[in-house]
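Asker: Would you be able to build a 3D model of this:
(chains A and B)
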Amino acid sequence: MKRFWVFLLVFALMLSACGVPASAVVPSVALSAASEPKTLTVFAAASLTNAFDEIGKTFEAANPGVTVKFNFAGSQTLRTQIEQGAQADVFASANTKEMDALVTGNFVAADSAQIFLINQLVLIMPANNPAGLVTLADLADPGLKVVLAAKEVPVGNYALQMLDKLEATIGTGFKDKVLANVVSYENDVKQVVAKVQLGEADAGIVYLSDTVAAPELQKINIPAENNVVAKYPIAALSHSQNPELGQVFIAYLLSADGQSVLKKWGFLPVK
Amino acid sequence: MRLRRSLTHHMVTTNSQFDWLFVVPGLLLIALLGLPLVALFLRALDKDFFVFALSSTALAALRLSLTTSLISVVITLLVGTPLAYILARWDFPGRAGLEMMIDLPVVLPPSVAGLALLIAFGRQGVFGNWLSMLGLSLPFTTTAVVIAQTFVSAPLFVRSARLGFAGIDPQLEEAAHVEGATQWQLFSQVMFPLAGRALISGTMLAWTRALGEFGATILFAGNLEGVTQTMPLAIYLGFERNLDMAVVLSVVLVLVSLVVLGVMRKLDDNRR
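Answerer: Numbers count the residues shown, from 1 in each chain, chains lettered A, B, ... in the order given. Have a look, this model is predicted:
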């Protein structure tokens, strides 16, 4: 038994020996690589998937030697990943809440986040509209299968705000009836789109921008007075190894070129 | 020189000069397997364990996980045992292909399993269409959770049971027939006792796999508290809303899994 503990000790020493030099070497390699090809890692809200895929390509073309890598997920997932130590250079969130949380946690410098686009909500149905929805009020029809994003997901939270506003227009009890029809709370907006595309759900509430990539879906527009203004902030992360490159990427998004791509994918530009 | 357990559980003495060849790699794996669990427990005990463990979300998820995994394992036993016997004893063309198809869900990524289930049995799925005509819709129901769990866990049982049945000397079966045993007597008094260990370990694997099912469930059954939100789903979503909650739920699931493993081991020991 004694031998076992000796090995345990040796093993622990081995582990600590591995750890020290590794952490000392990595940053210097990154610094000396200033003229080498660079990789920019962007964590972006799932709703940005199509637009950023295109922007990534045009940005790479405009900046030779730069590779842009994306991690698309619900903004709340990305925020958690960054808090748990994921390496990223830029974070683009679908709401200010997740960005503020990162500012509080010192992952993003205060006041460095900028709003780079605005998004709105829309009601979507499968191409054959199996439940025959015509108006927003039909969302309260009993037996409807509605899919929303979880309230922790930006779009899920926006949807609840929108239902509150609709209740004021349509009548008391509307929101509760709609929520009683919810069969699943998905983890990001693209999952909601997928469930509706497959025809498993009768309706879902997603961003207007999501319908650009899925033109076959039927949709019911939501009047401006009931809709929400979803502001998307973007910022370079404090722990970024390419802070300058991150700023260049953000400036590109805010440029006329960047904004026109965003507009093409259904977002409202801020400039 | 040191004592070792031999195959028959007697202690034998051997040369211990090369022990480190076993101990060092072994410790590496033990560390990989053990440290995450240790960390989970340390973090969970640091928090208000019972506040989270007894919250309505946690209890609803635990209840749902236990009932669905239990139902799925019972279904697996009822339909998996005859199938395992057929695969072990009958010879027919295409048997190897069938065995491969049955084993496939075990190695498939759960996301593929979930998508396949959705495409097959979804409301507008290839076969789900027929169900729709009968007014049945599977996605977003507790039934879908059970189907997803059975899909990924039943193959583990069938495989284990098949090997168990195949390992029984066919002459014993013939002898029982000659003695005039009925089919039920044959199974209850010869086949089940002899294949007991394989059946139990297969059940254990299937049950714990069903309990841990995540990917196919979230794709095929969705996520709604009390209806389709099992423990793994609550943990995954809890990871984003409340990390402490997720850690505590994880520990609860580890404990439940340990109990299942412990019960099965105990049953197994009694059979030896």
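Asker: Now do the helices in chain B.
Answerer: B:19-46, B:49-53, B:56-89, B:95-107, B:110-121, B:128-133, B:142-166, B:170-178, B:183-185, B:192-194, B:196-212, B:215-220, B:231-241, B:243-271 (DSSP state H).
Asker: Out of those helices, which is the most enclosed?
Answerer: Most buried of the helices of chain B, by mean neighbour count (mean count of other C-beta atoms under 10 Å in any protein chain shown): helix B:215-220, with a mean of 26. Glycine gets a C-beta too; all of them are placed from N, C-alpha and C.
Asker: list the helices and strands that helix packs on?
Answerer: Helix B:215-220 sits against helix B:110-121, helix B:142-166, helix B:231-241, with contacts defined as 3 or more C-beta pairs under 8 Å, 6 or more residues apart in numbering or on different chains; DSSP states H and E.
Asker: Mind putting those into a markdown table with mean pLDDT?
Answerer: Formatted as a markdown table, the helices and strands packed on helix B:215-220 follow (pLDDT from 0 to 100):
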| stretch | mean pLDDT |
| --- | --- |
| helix B:110-121 | 91 |
| helix B:142-166 | 95 |
| helix B:231-241 | 82 |
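Asker: Give me the below-cutoff pLDDT ranges for the chain.
Answerer: By default, I'm working from chain A. Within chain A, the segments meeting pLDDT under 70 span A:1-35.
Asker: that's the wrong chain, I meant chain B
Answerer: In chain B, residues with pLDDT under 70: B:1-15, B:239-241, B:271-272.
Asker: nearest to A:G143, of the helices and strands packed on helix B:215-220?
Answerer: Of all the helices and strands packed on helix B:215-220, helix B:142-166 sits nearest to A:G143, with 17.3 Å by C-beta to C-beta.
Asker: Including distance to A:K271, could the helices of chain B go into JSON lines?
Answerer: Shown next, in JSON lines, are the helices of chain B (distance: least, C-beta to C-beta, whole Å):
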{"stretch": "helix B:19-46", "distance to A:K271": "45"}
{"stretch": "helix B:49-53", "distance to A:K271": "45"}
{"stretch": "helix B:56-89", "distance to A:K271": "43"}
{"stretch": "helix B:95-107", "distance to A:K271": "51"}
{"stretch": "helix B:110-121", "distance to A:K271": "39"}
{"stretch": "helix B:128-133", "distance to A:K271": "47"}
{"stretch": "helix B:142-166", "distance to A:K271": "46"}
{"stretch": "helix B:170-178", "distance to A:K271": "80"}
{"stretch": "helix B:183-185", "distance to A:K271": "79"}
{"stretch": "helix B:192-194", "distance to A:K271": "74"}
{"stretch": "helix B:196-212", "distance to A:K271": "49"}
{"stretch": "helix B:215-220", "distance to A:K271": "38"}
{"stretch": "helix B:231-241", "distance to A:K271": "32"}
{"stretch": "helix B:243-271", "distance to A:K271": "37"}
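Asker: closest to A:N187 out of those?
Answerer: Of all the helices of chain B, it is helix B:231-241 that lies closest to A:N187, at 6.6 Å by C-beta to C-beta.
Asker: could you give the angle of that closest one to helix B:196-212?
Answerer: Relative orientation of helix B:231-241 versus helix B:196-212 (axes from the mean of the first three to the mean of the last three C-alpha atoms, to 10 degrees): 30 degrees.
Asker: export helix B:231-241 as PDB, just CAs?
Answerer: Backbone C-alpha positions of helix B:231-241 (Å, rounded to 0.1, in the frame of the first residue of the first chain) are rendered in PDB as follows:
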ATOM      1  CA  MET B 231     -32.100  15.100 -15.500                       C
ATOM      2  CA  PRO B 232     -29.500  15.400 -18.300                       C
ATOM      3  CA  LEU B 233     -31.500  18.100 -20.000                       C
ATOM      4  CA  ALA B 234     -32.100  20.000 -16.800                       C
ATOM      5  CA  ILE B 235     -28.400  19.800 -16.100                       C
ATOM      6  CA  TYR B 236     -27.500  21.000 -19.600                       C
ATOM      7  CA  LEU B 237     -29.900  23.900 -19.500                       C
ATOM      8  CA  GLY B 238     -29.100  24.600 -15.800                       C
ATOM      9  CA  PHE B 239     -25.400  25.000 -16.900                       C
ATOM     10  CA  GLU B 240     -26.500  28.300 -18.400                       C
ATOM     11  CA  ARG B 241     -29.000  29.700 -16.000                       C
END
